[in-house]
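[1] only geometry, no sequence info:
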């Protein structure tokens, strides 16, 4: 299933073909062809993104400029588990109380399962009673992106990784102090790295 952005792109290209701006014969081939490099990896057309980086001990390393991670659906499927692929690349949701480590309380960092960007510090994790890992703030506002989500006939705020656009979950305004927010994340969208553990 194409992503919402992909669907909008396909709709726009279909409209252009209908009015003769885009040759109809090129519509499907050009719109559906993935952008790839010589070995199936994405071509280097993606923009850079500025993140806040952190070491294995959670020590801030300052800002860093990284290239956006853009891969084909086939490449993501090869890299991720089926559930992680469905959640992160197609905005799915794991069942409550089933995600690996949803109730973990160890000291460490939660990193993006797709690109390893630091997302949440265990120090901001709390038991929300929902069955999903919940945090009262991300480790850095640079590292996540918030956007409107109306897929369930109500407006929610979706949260995704700033580097690879992986869908992580949603944020709600019923969290604890000091922010009053609840970042309700999918466990399969992240991997936990305990303090002092290797980042590999």
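    On my side now, so go ahead. This one's a predicted model, so the numbers in the text were calculated from it and none came from an experiment.
[2] going forward, measure contacts between C-alpha atoms and count neighbours the same way
    OK.
[3] before we move on, what's the pLDDT of the closest residue to residue 172 other than its chain neighbours?
    Closest residue to residue 172 apart from its sequence neighbours, by CA to CA, 6 or more residues apart in numbering: residue 182 at 5.1 Å. Residue 182 carries a pLDDT value of 98.
[4] please begin residue numbering at 700 from this point
    All right, first residue 700 from here; so that's residue 881.
[5] residues contacting residue 881?
    Taking CA atoms under 8 Å, 6 or more residues apart in numbering, we find residue 881 in contact with 827, 833, 834, 835, 836, 870, 871, 872, 873, 874, 875.
[6] is the first one in contact with residue 835, as I believe?
    What that stands for is residue 827. No - using CA atoms under 8 Å as the test, residue 827 is too far from residue 835 to be in contact (10.0 Å).
[7] leaving out the residues flanking it, which one is nearest to the residue nearest the centre of the chain?
    Residue closest to the average C-alpha location in the chain (CA atoms, centre = their mean): residue 865, at 1.9 Å. With CA to CA, 6+ apart as the criterion, residue 865 has its nearest non-adjacent residue at 4.5 Å, and that residue is residue 787.
[8] give me phi/psi at that neighbour?
    The phi/psi pair for residue 787 (degrees, to the nearest 10) reads phi -80, psi -40.
[9] would you mind measuring from it to residue 778?
    12 Å (CA to CA, to the nearest Å).
[10] go on, residue 856?
    From residue 856 to residue 778 the distance is 27 Å (CA to CA).
[11] quick one: the strands in this structure?
    Under the criterion DSSP state E, strands of the chain are mapped to 747-753, 759-766, 807-811, 817-820, 824-825, 833-834, 843-848, 855-860, 866-871, 881-884, 889-893.
[12] any regions of the protein where pLDDT drops low?
    Low-confidence segments of the chain, defined by pLDDT under 70: 700-745, 895-899.
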